[in-house]
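Asks: 3D model of this:
(chains A and B)
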Amino acid sequence: MKKLAVAWFLCCACALADASSVVAIRNAKIVTVSGPVINKGTVVVRNGLIEAAGENVPVPADAWVVEGEGLTVYPGLIDALSTVGMPGAAPAAAGATGGRGGRGQTTITTPAAPTTAAAAAPRAMGPEDRPQTTSWEIAADQISPSDPRIETVRGGGITTAVTFPTRGIFAGQGSVIDLISGEKAGEMVVASPAGQYISMSGGRGFGGGFPTSLMGVIAYIRQVYLDADHYKLVKEAYARDPRGMQRPEYDRALEGVMASPRILLPANRLVEIDRMLRFAAELKQPAILYGGREAYRGGAADLLKKYNVPLLVSLRWPEFPRDEDPDNEPSMRTLEAIDKAPSAPVALQKAGVKFAFYSDGIDTPRDLQRAVKKAIDAGLSREDAIRAMTLSPAQIYGIDNRVGSVEAGKIANLIVTRGDLFDDRTRVEMVFVDGKQYKPAEAAPAGGRGMVTEGPGGNQ
Amino acid sequence: MRKFLLASLVALAPVCAQTLVIRNATIMTVTKGTIQGSIVVKDGKIADVGEKVMEPQGATVIDAANQYVIPGIIDCHSHIAVDGGVNEGSVSVSSMVNIKDVINPEDIAIYRALAGGVTTANILHGSANSIGGQTIVLKMRWGKDAQSMIFEGAKPGIKFALGENPKRAGNPVGGRGAAGATVQARYPATRMGVEDTIREAFNEAKAYKAEWDGYNARVARGEHPIPPRKDLKLEALKEVLEGNRYVHAHCYRADEILMLMRIADDYGFKIRTLQHVLEGYKVANEIAAHGAGASTFSDWWSYKVEAFDAIPYNAALMTKKGIVVSLNSDDAELMRHLNSEAGKAMKYGGMSETEALAMVTLNPAKQLGIDNRVGSIEVGKDADLVIYDKFPLNDFAKVQKVFIDGHKYFDRDDEVSSRPAKEAEKQKLIEKEKQAQPRPQGGRGGRIG
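Replies: Residues are numbered from 1 along each chain as shown, chains lettered A, B, ... in the order given. Take a look at the predicted model:
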């Protein structure tokens, strides 16, 4: 109880943003990401935007000045796939194949709990019943500015999240949000819709409604895109001349699918990366894959490069099973993944594949930092690591004209650290979101407080 | 390039062989008798076979003295190499789903099947539905990606199922897999319901076909109508009506076998193979008249009520009535010794060595429409070959080497000798992970998706 009270107090204290609308951070090291590092320069923030950033930028007379000696300014970090701000959401993860455990699968995902709407729906008898589909839902319409996770993740330097509804096969459309502790949800939205979140773990077991298998989920998705093409054709014909033509039935599932600028598909194993790349090409949809546990394997990066599809790499690296029956020796494939998964980013970098990190439910700053450090230890340069959490996700979602780097004219999402962002001793001193300053909590309590969790923690 | 990269990942990637000679072997060709001689393989095909052959210069030579060579075994009924479930059991007609979408080329059962001499398998949807999903024929090209596993040019199929399995999910009373008195109970619950489900599906498919034929006719006349909606479920059945998709029907009892063939006659399509078909011997004349193949078990029965009337002479009796008969596994373990299953056909029913071997090679090839490529050792056919240390229709025979398209995909000596190194590598990784400090990640971070 006492702990709770303290947490609550901290929460309130830190949510208070500094109200100054003009800020100048001078004599700081600036990691612009889009350009070279400025060893000693000034960043001016005005009305929520970066007014200027450079070596010889004058400090405006009306600015609140931050003495940046010994400090480093980075662009705010972007969580490329998140559920922060979504009511009742568990942190996002790449539940890759799901279904009723096929052979050779290393992951079996707990099927997402049905939404209230889905639970009330009658049993789906085929694709025409649009099972487990809420494609029309948009994160921007649902985000809650009072989600306590906003403050937790912001403490680690995340200023922007691409947040998604994640339940169902066509779960809905994501939105890019700035993690301000605002009054209105609308103020948080940076761009929307960001894409349709698709999961493959639709199977609810034998005797449930359609679909119950991975091949059923794939057939369903394929049918939906065929239907969308046909729907568009019929609607256009009707719009041209409705006389004598039967009125096409409004289909919100197809409307949602058609409104999505891109799709997000789950792919952890190499087999899944291959399968989903082919599937996206067949559907003729711009796609992003998420997961990437076996992206370290030879061939994966080349495949992604060939199809020119970006990958969101989960920072929840596979881990050695602990407290397991010693007789349950993990397979060579699993052991290899545990050993090599963090080397995927450097392999992707070398192959020229566009990739970004996503937190995959790791909310606390310390754990996030450790997870990124694993990729750095496996050979990823610090510059590339920071890029994978700033400019790269911005480019993947087509929002690099407003976020992702320290450049004049972009949104003033900045983090200020003492020391290198990925050093153990380094702490995020200040976070600016939309030009408002937030002070990270002194010691973020471990364990992602305030999160609604489902399923086991840790790796799978 | 990509294929090469994928293949190179796997420790047991096939060794490329341009030209290969297997000499001094006892060769069971299936179509041209059993001979003592040699086989020449060029560019993945059998270039020569006979007692005396011209050995090309620079060829890789395998001396198979005292060993046997047979064509690669073909399993007409398997469910290996499938991700995320083999049944889309939610609906009675699931013809929209396709095994091709969920091939898992890294299923270890593929490698084990190879070690049992299997080079080709018909991968079927499960038997939960009256009309199941679309099927695919794979070559066991272990180490390749999913697309490279597919038997090029083999006609795709669809799974049908009759009897206990498809009616179980609608059973309101109880029993294995029964729905009981729940809202989940699914039509049909009886054999007559199964028939009705199939007929209804083909009524729909005929109407769908007529709609598309009408559209195509209008387009041919130069009109620009709006095309009908493409329906994946009916598209597959339309292909059946057009003869472009084989029907592989799971069945047991004589009455339901006749029922299905009557449906096929009524709607103008053919049943390509009857699968399991344990009572096939009772209606062998009718099956032969329809032209269906029969893919059965050797001596496995009484595991459910509809399998009580089975006899081990089924394969031989059906063969004698002129039916093309194969023996299948339906199981990843049984798949590894189909050679000894074939041997049982010699014991039960007095099949010759060649007739018995054909039941796991040439006959399934005929049933799958791929006998121009595989199923026997003949000049021009794919070099899918298995070397056994002993007479292969024998429990004690062990597979020594397996070739697909002339490439070696399994080698018993290599496999056995590589085990200590693999085990050491694994133990090294386990030790490394055990010594690593536990680094708790996340808190109670859950997963969704």
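Asks: and the helices in the chain, which stretches?
Replies: Because you didn't say which chain, this covers chain A. Secondary structure of chain A (DSSP state H): helices located at A:2-15, A:116-120, A:139-142, A:149-154, A:214-240, A:252-259, A:270-283, A:300-307, A:332-340, A:344-351, A:365-377, A:382-387, A:391-396.
Asks: switch to chain B, please.
Replies: With helices called from DSSP H, chain B shows them at B:2-9, B:108-115, B:146-149, B:164-168, B:191-220, B:232-241, B:254-267, B:284-290, B:314-320, B:338-347, B:353-358, B:362-367, B:412-435.
Asks: can you list those in TSV and add mean neighbour count and distance to A:T212?
Replies: The way it works is simple: take the backbone N, C-alpha and C, and place the C-beta from them, glycine included. Below are the helices of chain B laid out as TSV (neighbours: other C-beta atoms under 10 Å in any protein chain shown; distance: least, C-beta to C-beta, whole Å):
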stretch	mean neighbour count	distance to A:T212
helix B:2-9	16	30
helix B:108-115	22	22
helix B:146-149	19	22
helix B:164-168	22	15
helix B:191-220	16	18
helix B:232-241	22	15
helix B:254-267	18	25
helix B:284-290	17	33
helix B:314-320	23	33
helix B:338-347	22	30
helix B:353-358	23	38
helix B:362-367	27	29
helix B:412-435	12	35
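Asks: B:D395: which of those helices is closest?
Replies: B:D395 lies closest, by C-beta to C-beta, to one member of the helices of chain B: helix B:338-347, at 4.8 Å.
Asks: out of the helices of chain A, which one sits most buried?
Replies: helix A:149-154 (a mean of 26; mean count of other C-beta atoms under 10 Å in any protein chain shown).
Asks: mind listing what residue 222 touches?
Replies: Using chain A. Listed by C-beta atoms under 8 Å, 6 or more residues apart in numbering or on different chains, the contact partners of A:R222 are A:282-283, B:232.
Asks: quick one: stretch B:247-260 to chain centroid distance?
Replies: The chain centroid and the centroid of stretch B:247-260 are separated by 19 Å under C-alpha atoms, centre = their mean, to the nearest Å.
Asks: picking that back up, B:G280 is nearest to which of the helices of chain A?
Replies: Proximity to B:G280 (C-beta to C-beta) singles out helix A:214-240 among those, at 29.2 Å.
Asks: of all the helices of chain B, which one is nearest A:R427?
Replies: The closest of the helices of chain B to A:R427 is helix B:412-435. By C-beta to C-beta, the value is 29.6 Å.
Asks: okay, now the closest residue to B:A236 other than its chain neighbours: neighbour count?
Replies: Using C-beta to C-beta, 6 or more residues apart in numbering or on different chains and skipping residues adjacent in sequence, the residue nearest B:A236 is B:S95, 4.1 Å away. Per other C-beta atoms under 10 Å in any protein chain shown, the neighbour tally for B:S95 reads 30.
Asks: can you check B:H79 too?
Replies: Around B:H79 there are 22 residues (other C-beta under 10 Å).
Asks: hmm, B:N122 and it touching each other?
Replies: No: using C-beta atoms under 8 Å, B:H79 makes no contact with B:N122, being 10.0 Å away.
Asks: give the contact list for A:A347.
Replies: Counting by C-beta under 8 Å, 6+ apart, A:A347 touches A:295-296, A:300-301.
Asks: where does the stretch 201-350 of chain A dip in pLDDT?
Replies: A:202-208 (pLDDT under 70).
Asks: mind doing that once more with 50?
Replies: Counting by pLDDT under 50, the ranges of the stretch 201-350 of chain A that qualify are A:205-207.
Asks: and the gap between the closest residue to chain B within it and A:R316?
Replies: At 2.4 Å from chain B, A:L214 is the closest residue in the stretch 201-350 of chain A, using C-beta to the nearest C-beta. Going from A:L214 to A:R316 by C-beta to C-beta, to the nearest Å gives 22 Å.
Asks: taking the contacts of A:A347, tell me the two that lie furthest apart.
Replies: Farthest apart among the contacts of A:A347 by C-beta to C-beta are A:Y296 and A:A301. That separation is 8.7 Å.
Asks: which stretches of chain B have low pLDDT?
Replies: Where chain B drops to pLDDT under 50, the residues are B:1-17, B:441-449.
Asks: residues touching the most centrally placed residue in it, list them.
Replies: In chain B, the C-alpha closest to the average C-alpha coordinate belongs to B:N122, at a distance of 1.8 Å (C-alpha atoms, centre = their mean). B:N122 sits next to B:74-78, B:135-137, B:157, B:248, B:364, B:368 when contact means C-beta under 8 Å, 6+ apart.
Asks: just those residues: which are in strands?
Replies: Among these, DSSP state E puts B:74-78, B:135-137, B:157, B:248 in strands.
Asks: so which of those residues is surrounded by the most neighbours?
Replies: Greatest neighbour count in those, by other C-beta under 10 Å, goes to B:I74: 32 neighbours.
Asks: that residue pairs with what?
Replies: Beta-bridge partners of B:I74, counted by DSSP bridges, are B:T120.
Asks: hmm, back to that, mind checking how far the residue nearest to the centre of chain B is from B:S78?
Replies: From B:N122 over to B:S78 the distance is 6 Å, taken as C-beta to C-beta.
Asks: which residues are contacting stretch B:401-418?
Replies: Here stretch B:401-418 makes contact (C-beta under 8 Å, 6+ apart) with B:11-12, B:14-17, B:20, B:41-45, B:62, B:72, B:111, B:114-115, B:117, B:119, B:139-143, B:382-387, B:398-400.
Asks: repeat that with 6 Å
Replies: Contact partners of stretch B:401-418, identified using C-beta atoms under 6 Å, 6 or more residues apart in numbering or on different chains, comprise B:14-15, B:17, B:20, B:41, B:44, B:114-115, B:119, B:139, B:141-142, B:382-387, B:400.
Asks: could you tell me the end-to-end distance of that stretch?
Replies: One end of stretch B:401-418 sits 15 Å from the other (C-alpha to C-alpha, to the nearest Å).
Asks: and stretch B:241-250, by the same measure?
Replies: Start-to-end span of stretch B:241-250 (C-alpha to C-alpha) is 19 Å.
Asks: which other residues reach it?
Replies: Stretch B:241-250 is contacted from outside by B:127, B:155-161, B:209, B:239-240, B:260, B:269, B:271-276, using C-beta under 6 Å, 6+ apart.
Asks: now do the residue in the stretch 1-150 of chain B positioned nearest to chain A against B:M149, distance only.
Replies: Of all residues in the stretch 1-150 of chain B, B:G84 sits closest to chain A, at 2.4 Å by C-beta to the nearest C-beta. Per C-beta to C-beta, B:G84 is found 17 Å from B:M149.
Asks: any idea how far A:R243 lies from A:Q437?
Replies: Distance, A:R243 to A:Q437, using C-beta to C-beta: 61 Å.
Asks: the two: who's more crowded?
Replies: The residue with more neighbours, out of A:R243 and A:Q437, is A:Q437; 20 against 5, by other C-beta under 10 Å.
Asks: contact partners for B:T19?
Replies: So B:T19 contacts B:42, B:56, B:59 (C-beta under 6 Å, 6+ apart).
Asks: give me that answer again for 10 Å
Replies: Applying C-beta atoms under 10 Å, 6 or more residues apart in numbering or on different chains to B:T19 gives the contacts B:40-43, B:47, B:55-61, B:406.
Asks: next one: A:G186
Replies: A:140-141, A:143, A:145.
Asks: next one: it from A:I143, what distance?
Replies: Separation of A:G186 from A:I143 (C-beta to C-beta) stands at 9 Å.
Asks: ok, A:V234 next?
Replies: 34 Å.
Asks: how about the stretch 251-400 of chain B: which residue is closest to chain A?
Replies: Counting by C-beta to the nearest C-beta, the stretch 251-400 of chain B gets nearest to chain A through B:A332 (7.8 Å).
Asks: quick check: domain ranges of chain A?
Replies: Structural domains assigned to chain A are A:1-76+A:404-443, A:77-403, following automatic domain parsing.
Asks: please work out which of those is packed deepest.
Replies: Across these, averaging neighbours per residue (mean count of other C-beta under 10 Å) puts domain A:77-403 on top, at a mean of 21.
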